[in-house]
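Chemist: here you go, sequence then predicted model.
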Amino acid sequence: MSETRAKREYRAPALEKGLDVLELLAANRSGLTLAQISNALDRSSSELFRMVQVLEARGYVGRAADEDGLVLTNKLFALGMTRAPAKDLLEAALPIMRGACQQIGQSCHLAVASGDQMVVVARIEAPGDLGFSVRVGYRRKIVEATSGLVLYAFQPEAVRQRWAKELKPSVSAAVWKAFEAAAGKARFDGFVRGDSYVTKAVVDFSVPVQGPDGVAAALTCPYLDNVSAIAPSDTVALLQRAAAEITAEIRPTA
């Protein structure tokens, strides 16, 4: 049966409506009101009201901090993390990340690609009382994040070309040119050093974790320069060692 015919015969309008709402909220970090959702999807508020109520009752969406809109919760993310490949990555990475954080004295997090975004799937807090960390579930566009740059830069060329077709149209020519130049530098250096997009007090160091078919994840340390911090070069070396250990765990042996 052709794909077109299958789409025509097996349409589920209510399900499609719900998926449209979820995808819209996933693309917007700030909350959206029902009126904004209706306008964006070109549907009436009455048509979406019950759908949104059910999604909220089931825990897929929730109220924004200002109570004026709806945001996507981490429930879909949590469901996705129950898949075997993700569990294998996390099971391998977490103990190694804990050891690395103890040596580095800083927090670190693991990010994977999700569409045109990177999403943080695991983090380990810094030892002691002082540190900076990124919450699990945090998302940012690949072209706007240090972890995203690593996820792109260290992929095989064929994968990069495929990703470029998806990512390039979303930014200006100047932004894409700078992103590609940064990716080339990353491959030469073996890691990425980037100013934090969140605070001027933090510098991100990020390295690739290789999987069977390319980069599986980016291991990133939000480096806070304090009196007890080790040298940035030592931080990168420990991150690279941890990434190599995770890679050895998740790559199939010959």
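Modeler: Cool, the structure landed. Numbering: from 1, shown residues only.
Chemist: which helices and strands does the longest helix along the chain pack with?
Modeler: Taking DSSP state H as the criterion, the chain has its longest helix at helix 84-104. With contacts taken as 3 or more Cβ pairs under 8 Å, 6 or more residues apart in numbering; DSSP states H and E, helix 84-104 sits against strand 108-114, strand 117-124, strand 202-211, strand 214-224, helix 232-250. In this view, the C-beta of every residue, glycine as well, is placed from N, C-alpha and C.
Chemist: now residue 134, what's its secondary structure?
Modeler: Using DSSP: H, G, I helix; E, B strand; the rest coil, the secondary structure recorded for residue 134 is coil.
Chemist: residues in contact with the helix or strand encompassing residue 174?
Modeler: Following DSSP states H and E, one finds residue 174 within helix 173-189. With contacts defined as Cβ atoms under 8 Å, 6 or more residues apart in numbering, helix 173-189 is touched by 143, 149-150, 152-154, 160, 167-168, 171, 192.
Chemist: mind exporting it as PDB, just the C-alpha atoms?
Modeler: Presented in PDB, the C-alpha positions along helix 173-189 are these (Å, rounded to 0.1, in the frame of the first residue of the first chain):
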ATOM      1  CA  ALA A 173      23.900  32.600   6.100                       C
ATOM      2  CA  ALA A 174      26.300  34.500   8.500                       C
ATOM      3  CA  VAL A 175      25.300  32.400  11.500                       C
ATOM      4  CA  TRP A 176      25.600  29.100   9.500                       C
ATOM      5  CA  LYS A 177      29.000  30.100   8.200                       C
ATOM      6  CA  ALA A 178      30.200  30.800  11.700                       C
ATOM      7  CA  PHE A 179      28.700  27.600  13.000                       C
ATOM      8  CA  GLU A 180      30.500  25.500  10.200                       C
ATOM      9  CA  ALA A 181      33.800  27.400  11.000                       C
ATOM     10  CA  ALA A 182      33.400  26.600  14.700                       C
ATOM     11  CA  ALA A 183      32.700  22.900  13.800                       C
ATOM     12  CA  GLY A 184      35.900  22.700  11.800                       C
ATOM     13  CA  LYS A 185      37.900  24.200  14.700                       C
ATOM     14  CA  ALA A 186      36.300  21.700  17.100                       C
ATOM     15  CA  ARG A 187      37.400  18.800  14.900                       C
ATOM     16  CA  PHE A 188      40.900  20.200  14.800                       C
ATOM     17  CA  ASP A 189      41.000  20.800  18.600                       C
END
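Chemist: quick check: mean pLDDT of the helix or strand just after that helix?
Modeler: Per DSSP H and E, the first helix or strand lying C-terminal to helix 173-189 is strand 192-195. For strand 192-195, mean pLDDT rounds to 90.
Chemist: so for strand 192-195, what gets flagged as buried?
Modeler: 192-194 (16 or more other Cβ atoms under 10 Å).
Chemist: mean pLDDT, mean neighbour count and distance to residue 102 added to the helices and strands packed on helix 84-104, as TSV?
Modeler: Below are the helices and strands packed on helix 84-104 laid out as TSV (pLDDT from 0 to 100; neighbours: other Cβ atoms under 10 Å; distance: least, Cβ to Cβ, whole Å):
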stretch	mean pLDDT	mean neighbour count	distance to residue 102
strand 108-114	91	24	11
strand 117-124	90	22	9
strand 202-211	93	23	17
strand 214-224	92	25	13
helix 232-250	93	18	10
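Chemist: next, format these as JSON lines and append distance to residue 24.
Modeler: Formatted as JSON lines, the helices and strands packed on helix 84-104 follow (distance: least, Cβ to Cβ, whole Å):
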{"stretch": "strand 108-114", "distance to residue 24": "16"}
{"stretch": "strand 117-124", "distance to residue 24": "14"}
{"stretch": "strand 202-211", "distance to residue 24": "29"}
{"stretch": "strand 214-224", "distance to residue 24": "26"}
{"stretch": "helix 232-250", "distance to residue 24": "33"}
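Chemist: so which of the ones you listed is nearest residue 28?
Modeler: strand 117-124 (11.9 Å; Cβ to Cβ).
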